[in-house]
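K.L.:
A predicted structure for the sequence below; I have some questions about it.
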Amino acid sequence: MKTLFLAWQDARPDGGARPGSRAWFPIGRLESEPGQGWFRFLYTKGVLEAQAKAGFQPLDAFPQFEKVYESGELFPLFQNRLISPKREDYAEYLERLALSPEERDPFAILAVSGGGRQTDNLEVFPQIRPHRDGRFASRFFLHGWRHVNMPSQERLNRLEAGAALQVAVELNNPATGAAIQLLTPGDYFMVGWTPRYLIKDMLAAIAGGVENMRAHVIRNNPPPAPHNQRVLVELEGRFQIGYQPMSSEEFLPLVA
């Protein structure tokens, strides 16, 4: 079974009665059985935290928290996050995601692209599935690069496919507390961060030795590529055998 998680950001406008915290909450999971034409969506327990801390309300597409939604087709909320193959820039879009022809199914596209839209505050990300020996790999677009200083942005512009990146822990990030930074080795330019949804599990992997973590650039997509699809990174590491990532309370189904 394939699993994607859905995250929601508390992005209420500044100046409102309760301005948004910008915090992200895992709120749901989309599951599919490959080749079976079967899809299921259900809320996770993270939705309770989002509701308590940020007033989250059920999505229009899935109006009941304690219901399991099933369909023979990909739900419109997710389908609408895919670019139509009829668009002239479709081939360019897939090239930015670095997907091989056999990987270009909707789940794979959503897993890499994140399914972000300008019109809402939702993001999709894949479940990490480690091998039996604890090894894992996670591919994502570099986060936060527009907030680093200009010398770092200039260094980012020169990153090439295959370039190694160094993994480092940041303990006092103003947005998340702990964070995972990515730096260029040798000259140590901090070029961005891993996604927030990886922090907890990446810290668990790093606890076993930062030398077990490595990252490299898959693609650097210059403008006019969207800013959220700029630098595609793959991070590899190893968990302790038996460790199950994305198994904390916020990722668990709200209903069985």
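P.N.:
Nice, thanks for sending it over. Numbering: from 1, shown residues only.

K.L.:
quick one: the strands in the stretch 151-256 of the chain?
P.N.:
Shown for the stretch 151-256 of the chain, the strands assigned by DSSP state E, counting those that start in this stretch span residues 164-173, 177-183, 190-193, 214-220, 231-238.

K.L.:
mean neighbour count added to those, as TSV?
P.N.:
The C-beta positions use only the backbone N, C-alpha and C, and glycine is treated the same way. As requested, those are exported to TSV (neighbours: other Cβ atoms under 10 Å):
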stretch	mean neighbour count
strand 164-173	15
strand 177-183	19
strand 190-193	22
strand 214-220	18
strand 231-238	20
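
K.L.:
now those in CSV, with mean pLDDT?
P.N.:
Shown next, in CSV, are those (pLDDT from 0 to 100):
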stretch, mean pLDDT
strand 164-173, 92
strand 177-183, 93
strand 190-193, 96
strand 214-220, 97
strand 231-238, 96
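
K.L.:
quick check: which of the ones you listed is nearest to Q36?
P.N.:
Minimum separation from Q36 across these (Cβ to Cβ) falls at strand 231-238, 28.5 Å.

K.L.:
for the stretch 101-250 of the chain, which spans come out with low pLDDT?
P.N.:
For the stretch 101-250 of the chain, applying pLDDT under 70 flags no range at all.

K.L.:
residues in contact with A98?
P.N.:
V112, I218, R219, L232 (Cβ atoms under 8 Å, 6 or more residues apart in numbering).

K.L.:
now the helices: where do they sit in this protein?
P.N.:
For the chain, applying DSSP state H gives helices covering 46-54, 76-79, 90-97, 106-113, 150-157, 199-206.

K.L.:
quick one: the spatially most central residue of the chain from L110, how far?
P.N.:
Centroid-nearest residue in the chain: F125, 4.0 Å away (criterion: Cα atoms, centre = their mean). Taking Cβ to Cβ, to the nearest Å as the measure, F125 falls 9 Å from L110.

K.L.:
what about the closest residue to R230 other than its chain neighbours, how many neighbours?
P.N.:
What sits nearest to R230 in space, not counting adjacent residues and going by Cβ to Cβ, 6 or more residues apart in numbering, is N221, at 5.7 Å. For N221, the neighbour count with other Cβ atoms under 10 Å is 19.

K.L.:
so N221 sits right up against V231, yeah?
P.N.:
Yes - between N221 and V231 a contact is recorded at 7.3 Å, counting by Cβ atoms under 8 Å.

K.L.:
out of the helices of the chain, flag the one nearest V169.
P.N.:
Taking Cβ to Cβ, helix 199-206 is the member of those nearest to V169, at 6.2 Å.

K.L.:
residues making contact with the closest one?
P.N.:
Residues outside helix 199-206 that contact it (Cβ under 8 Å, 6+ apart): 128, 136, 167, 169, 176, 178-180, 194, 212-213, 235, 237-240, 243, 245-246, 248.

K.L.:
quick one: that helix to strand 231-238, angle?
P.N.:
Angle of helix 199-206 versus strand 231-238, following axes from the mean of the first three to the mean of the last three Cα atoms, to 10 degrees, is 50 degrees.

K.L.:
for helix 199-206, buried residues please.
P.N.:
Within helix 199-206, the residues that count as buried by 16 or more other Cβ atoms under 10 Å are I199, D201, M202, A205, I206.

K.L.:
what's the spacing between the fourth one and E249?
P.N.:
So that's A205. According to Cβ to Cβ, A205 stands 20 Å off from E249.

K.L.:
check the burial of I241 by counting its neighbours.
P.N.:
When counting by other Cβ under 10 Å, one arrives at 10 neighbours for I241.

K.L.:
my guess is W193 meets F140, correct?
P.N.:
No - if you go by Cβ under 8 Å, W193 and F140 don't touch, sitting 10.1 Å apart.
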